[in-house]
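Chemist: The following comprises the amino acid sequence and a computationally predicted model.
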Amino acid sequence: MIQKEVTVTNTGNNEAYVQTLVAVPQVLDEAGIVHLYDANAANNGWTLLDGDANAADVQPVYTGVTISGESLTYNVYVYRYNTTLAAGATTAESIEGVFIDASVDAEYVYDAGGYVESRYFVTGDATVDASVRPFDVTGKLNVYVVTQAIQARGFADNTALDAQFTTHPW
């Protein structure tokens, strides 16, 4: 697991409602290969919003998101802070890390000259081409994080974020 503790600091002068969006490669997310580690999110004052309340597990709020400069699409998860964040205050972590499932193996296909022709992530019945950016079994996995905020004054609760931010920022 790569430790990535995501917190938010209110640098403004007023209380605010905040939410953090985390984008992971869609193909890895849907194959069950990449996971966000957020075991303490609920205890830390965050709620992970569910894009499909009828699904057996939490679904991303946005799917198939294109991020500038990337060749893949992303699934976006939204963590919403449950209360207002005071001016100058910092939240506890919404997520604590990102990891590739331990059951995942890397497989390589070599050309006639012995050079790697392609790479794959393999887990159970899922095989995902890992030769393309932004992830590579020999390189890095890009996960994007952005926080949105709205001044709390004049709003009854954090659902004010729904009216202000009707889509993702990418």
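Modeler: Alright, I've got the coordinates. Numbers count the residues shown, from 1 in each chain.
Chemist: Next one: the spatially most central residue of the chain relative to Glu117, how far apart?
Modeler: In the chain, the residue lying closest to the centroid (CA atoms, centre = their mean) is Val22, at 2.8 Å. Distance, Val22 to Glu117, using CB to CB, to the nearest Å: 33 Å. Yep, even glycine has a C-beta here, placed from its N, CA and C like the rest.
Chemist: repeat for Lys4
Modeler: Taken as CB to CB, the span from Lys4 to Glu117 is 32 Å.
Chemist: Under the pLDDT cut-off, which ranges of this protein? List them.
Modeler: 1-3, 130-140 (pLDDT under 70).
Chemist: All the helices of it, residue numbers only.
Modeler: For the chain, the helices defined by DSSP state H cover 26-30, 160-164.
Chemist: related to what we said a few turns ago, burial check on the closest residue to the residue nearest to the centre of the chain other than its chain neighbours, number of neighbours?
Modeler: Distance criterion CB to CB, 6 or more residues apart in numbering; nearest residue to Val22, sequence neighbours excluded, is Tyr77 at 4.9 Å. Around Tyr77 there are 24 other residues, counting by other CB atoms under 10 Å.
Chemist: Just confirm Tyr77 contacts Leu21, I think it does.
Modeler: Yes - counting by CB atoms under 8 Å, Leu21 is a contact partner of Tyr77 at 7.1 Å.
Chemist: which residues are in contact with both of those two?
Modeler: Each of Val61 lies in contact with both Tyr77 and Leu21 under the rule CB atoms under 8 Å, 6 or more residues apart in numbering.
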